[in-house]
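Q: Predicted model and sequence follow; I will ask about them next.
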Amino acid sequence: MARRGIVIAYVAILCSALAEAGSGELEDILLLKDGSIVRGTLVESVRGSYIRFHTTQHGLKVFGLSEVEKVTRLPKGIPDDELISNYFDEDVSRLADDARPVAVVGGVAIPYGRFARSSTSGGGAMESGVSVGLDVGLRLVPKWRWLTTGMYSELRRGALEVVDGFEEARGVPSARMIWLLTGMELRTEGNTAWKWRAIVQTGALVSTFPGFDYTVHGTPTTLIRSGRIESSSSTEFAVCIGGGVSVSRFSLTVRLLSASARYDGMRPVGVILLGAGVGLP
């Protein structure tokens, strides 16, 4: 009789534990192909067409099936990082961090500081140009990537600043720069397709400033002096600090590039890159 009572008590405890475990709230989770995680309740699924989903943050939304990578139901409150590492396979984990390993980047290169101002020697002020390059990223842990960048920039050069006449220089060659940088990138992860990016890199700048001839006139017919700006090149330490946003394969960034190279012997190189990128498949 006592043994029977123990069995009944054990069964009662087991049933109570199962009921308690089963009482945990569940939620539906969508993993979209752009890497976003959306939480809420699945309302309707139309085969081959769309999913109606009541999201936790934004209410009822409709997603085309072409947008959806996976649908699952799990207990509420599981962090995004744990979802990716424990409930989705490795390929989906890479998808959820929507950054592609290799991205083509390019944009407008704008000189800043003393680098953008003219002087009485050295080839004049730098003017805006173009940049193009590659970002190669290696995902280390959720949110963090090791990012290596190779960037080519070409900037136009303006006229010399003169105090005793006006300067004339024809066919002034552009300055050419190769930035080789490596460092860390931090990317936010959340329930939105838009991701914020922060970039800190160090490396080297390989720069070349081709030479050219110039003349200075007091009047259009009076020559005061003539001369030549000699070419110069160097390899110097460089730093990049940047930030921006990305969605799916596409990104917009602002990068502040600076180097210890000295243009005209005194002006440090500084370039702001306003760029866009697209990840390769």
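A: That came through, no problem.
Q: Helices of the protein, residue ranges please.
A: For the chain, applying DSSP state H gives helices covering 2-22, 80-87, 90-96.
Q: What mean pLDDT does the second one get?
A: In this case it means helix 80-87. Helix 80-87 carries an average pLDDT of 70.
Q: can you check the first one too?
A: The pLDDT scores in helix 2-22 average 44.
Q: and what of stretch 45-63?
A: The pLDDT scores in stretch 45-63 average 81.
Q: what do you get for stretch 237-244?
A: When pLDDT is averaged along stretch 237-244, the result is 96.
Q: Next: stretch 212-220.
A: The average pLDDT for stretch 212-220 rounds to 70.
Q: Can you give me the neighbour number for residue 215?
A: Neighbour count for residue 215, taken as other Cβ atoms under 10 Å: 15. Bear in mind the C-beta positions are built from the backbone N, C-alpha and C, glycine included.
Q: wait, I meant residue 227
A: A total of 12 residues lie near residue 227 under the criterion other Cβ under 10 Å.
Q: For the closest residue to it other than its chain neighbours, give its distance to residue 33.
A: Distances taken as Cβ to Cβ, 6 or more residues apart in numbering put residue 214 closest to residue 227, at 6.0 Å, once the chain neighbours are dropped. Residue 214 is 57 Å from residue 33, where distance means Cβ to Cβ, to the nearest Å.
Q: more crowded one of the two?
A: Remark: of residue 214 and residue 33, residue 214 carries more neighbours, 19 against 13, as counted by other Cβ under 10 Å.
Q: Average pLDDT for stretch 177-184, rounded please.
A: For stretch 177-184, the mean confidence score works out to 97.
Q: Any chance you could list what contacts it?
A: Applying Cβ atoms under 8 Å, 6 or more residues apart in numbering, the external contacts of stretch 177-184 come out as 133, 144-155, 199-208, 238, 240, 257, 269, 271.
Q: Return the distance of it from the chain's centre.
A: 13 Å (Cα atoms, centre = their mean, to the nearest Å).
Q: ok, how many other residues are close to residue 149?
A: Counted with other Cβ under 10 Å, the neighbours of residue 149 add up to 24.
Q: show me the contacts for it.
A: Here residue 149 is in contact with 105, 133-136, 179-182, 201, 203, 240 (Cβ under 8 Å, 6+ apart).
Q: ok, now residue 64?
A: Residues near residue 64 by Cβ under 8 Å, 6+ apart: 49-50.
Q: Swap in 6 Å and give it another go.
A: Residues in contact with residue 64 (Cβ atoms under 6 Å, 6 or more residues apart in numbering) are residue 50.
Q: What separation do you get for it and residue 33?
A: 10 Å.
Q: Same check on residue 132?
A: Taken as Cβ to Cβ, the span from residue 132 to residue 33 is 28 Å.
Q: repeat for residue 82
A: Distance from residue 82 to residue 33, counting by Cβ to Cβ: 21 Å.
Q: And residue 173, by the same measure?
A: From residue 173 across to residue 33, the span is 46 Å (Cβ to Cβ).
Q: before we move on, what about residue 247?
A: Counting by Cβ to Cβ, the gap from residue 247 to residue 33 is 12 Å.
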